[in-house]
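> predicted model and sequence below, questions to follow.
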Amino acid sequence: MSKYKNYIELEHIATTIPHVEPLNAKECQLFMEGSPASLKMAYDSIADRMDVKVGLDEDGVYEDYLGNHYFTEAVYVEGQQLTSY
């Protein structure tokens, strides 16, 4: 149970540490829409806020994705778990 009404439950891939990230109104709207394009925008927005959207390696700066760092356990909007994400 989370203290937020709108949130995503994540699990870090390497450490298996759970993480709860609150969702803003636009991310909720995008998750509710549910199309592949809107889901990508929602995940990109979350990655931006969590500072995992851009990486740096020996070749320079590259675009990274939330899915490279976290598994999605659940998405809740208005306290209700969404079934597609």
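Received the coordinates, thanks. Numbers count the residues shown, from 1 in each chain.

> biggest helix in this protein, by residue count?
Counting residues, the longest helix found in the chain (DSSP state H) is helix 36-49.

> which positions within that helix qualify as buried?
Of all the residues in helix 36-49, those buried under the rule 16 or more other C-beta atoms under 10 Å are 39, 41-47. For the C-beta atoms, the positions are set from N, CA and C on the backbone; glycine is no exception.

> how far away from the center of its chain is whatever helix or strand comes next after that helix?
Using DSSP states H and E, the helix or strand that follows helix 36-49 towards the C-terminus is strand 54-57. Strand 54-57 has its C-alpha centroid displaced from the chain centroid by 18 Å (C-alpha atoms, centre = their mean, to the nearest Å).

> try stretch 49-64
Distance of stretch 49-64 from the chain centroid (C-alpha atoms, centre = their mean) equals 16 Å.

> and that stretch, end to end?
Using C-alpha to C-alpha, to the nearest Å, the end-to-end distance of stretch 49-64 comes to 13 Å.
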